[in-house]
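Colleague: following is a predicted model, sequence given first.
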Amino acid sequence: MNSVPVKVIPANDVVGALLALGEALEGKCCVYISPREVNGVRPEVTGIPETVSNTALIIESSGSTGTPKKIYLSKEALIASAKTTERYFGFTGQWVLALPINYIAGAMVLVRSLLSDTQPVLMNTAVSFTPEAFALSSSMVSGEHKFVSVVPTQLVRIKQLAETDEFLLMLLKRYDAILVGGQSVSAEVLSFFAEHDVNVVSTYGMAETSGGCVYNGEALDGVDVQLFDGQIGIKGPMLANDVADQSGYFMSHDVGEFVGSRLSVLGRSDRVLISGGLKIGLDQVEAVAGSVPGVVEVGATALDSAEWGQRVGIVYVGSPEVADYVAGAVFEQLGIAAKPIRVIRVDRLPRLSNGKTDLITLNQLFDEED
């Protein structure tokens, strides 16, 4: 198999990445999108080969629970992923880039744009996301069909402005779909958009699956999802190189269940704790806590307990008065085993560069409080 050179592109060179990915999809090179350069200085890059075979994109996993891994994706996998999204909606469209391109969700916006021959609207992902900047970018989308991918934190901020900004709400209704993934979204946030006829699609996937491969609990065309002792296994043409087991499944380390025919993701296996002999999904805890009025952002973690084995700890951004309401809501909806034994209020949650919660730093906040 022929080898191709690896082009290293910093994340803030979106145009350069778009051009390089176009060459990669033609089999002329491989692209590694590094963290962004700062003040003209590129980050130090290690562990990237000069040439590769059967690889169009090298991307890093999010690293929310540990050290990021480099994932090798073929052009066939990237194209298969983009085409499954196209078949799900029945058409292609113009995308808004609201996520860093050195993570799979942002990179796939560029891939889909290239394959549909559309120009994405580029937000400045090197600065903090604001709903005002999102509204401006949304107003610039001119395509007949319009899409954007966001993470839950961004969606919450969009909702907060849309509650009082009719112009933003109008722009949101123009999207054929707003894809949200990476973590669970509270039912209260999803209900707001549904009530206002805004199509929010909850997605599930990761770098190893070329991004989202399950939309609203439904496996996309050509994707096979099975549960193996509760753990989610995924098979399909969009899998990264060398991640599948002998049976062809990539074992995600996420725990799930089928509700009817739809997949419900409880969270990573290391995000499902055992409290008093009961399984508690921390992503579910976050979704319930995030629906409490006065809570802006929330993160949940497992704390050791001599009596229960593990208990829930919650860190939130929001009003100081609602801490007890957070604990009460989790208890009422998820039971006594899920009730948090500690609730900490902070000015901001620790975040990774892709917007996901830094779960390691989050857990350390409870050590600092001791």
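Modeller: Arrived safely.

Colleague: so which elements touch whichever helix or strand L136 is part of?
Modeller: According to DSSP states H and E, L136 maps onto helix 131-138. Helices and strands touching helix 131-138, by 3 or more Cβ pairs under 8 Å, 6 or more residues apart in numbering; DSSP states H and E, are strand 94-97, strand 121-122, helix 152-162, helix 166-174. Bear in mind the C-beta positions are built from the backbone N, C-alpha and C, glycine included.

Colleague: mind doing that once more with 6 Å?
Modeller: Applying 3 or more Cβ pairs under 6 Å, 6 or more residues apart in numbering; DSSP states H and E, one finds that helix 131-138 contacts helix 152-162.

Colleague: still on that earlier bit, contacting residues around the helix holding L136?
Modeller: 96, 121, 123, 157-158, 161, 168, 171 (Cβ atoms under 6 Å, 6 or more residues apart in numbering).

Colleague: pLDDT on that helix, on average?
Modeller: On average, the pLDDT along helix 131-138 is 97.

Colleague: same check, this time on stretch 81-88
Modeller: Rounded mean pLDDT across stretch 81-88 is 97.

Colleague: report the buried residues of that stretch.
Modeller: The neighbour-count check on stretch 81-88 (16 or more other Cβ atoms under 10 Å) flags 81-86 as buried.

Colleague: quick one: that stretch to chain centroid distance?
Modeller: Centre-to-centre, stretch 81-88 and its host chain are 18 Å apart (Cα atoms, centre = their mean, to the nearest Å).

Colleague: do the same with stretch 93-113
Modeller: Between the centre of stretch 93-113 and the centre of its host chain there is 12 Å, according to Cα atoms, centre = their mean.

Colleague: what does it rub up against?
Modeller: Outside stretch 93-113, the residues within contact range by Cβ under 6 Å, 6+ apart are 11, 17-18, 21, 33, 35, 59, 78, 82, 118, 120-123, 125, 137, 141, 143, 145-150, 176, 207, 211, 353-354.

Colleague: who are the packing partners of the helix or strand harbouring I33?
Modeller: When elements are assigned from DSSP H and E, I33 belongs to strand 30-34. If contacts are counted by 3+ Cβ pairs under 6 Å, 6+ apart, strand 30-34 sits against strand 3-10, helix 14-25.

Colleague: ranking those by burial, who's on top?
Modeller: helix 14-25 (a mean of 20; mean count of other Cβ atoms under 10 Å).

Colleague: returning to that earlier point: now the buried residues of stretch 81-88 in CSV, please, with extra columns for distance to V201.
Modeller: As requested, these are exported to CSV (distance: Cβ to Cβ, whole Å):
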residue, distance to V201
S81, 15
A82, 15
K83, 17
T84, 13
T85, 10
E86, 14
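
Colleague: and the residue nearest the centre of the chain, how far from P320?
Modeller: Nearest to the mean C-alpha position of the chain, by Cα atoms, centre = their mean, lies G182 at 2.2 Å. Distance, G182 to P320, by Cβ to Cβ, to the nearest Å: 28 Å.

Colleague: now V225
Modeller: As judged by Cβ to Cβ, V225 and P320 stand 42 Å apart.

Colleague: the two: who's more crowded?
Modeller: Counted by other Cβ atoms under 10 Å, V225 and P320 do not tie: V225 has more neighbours, with 21 against 7.
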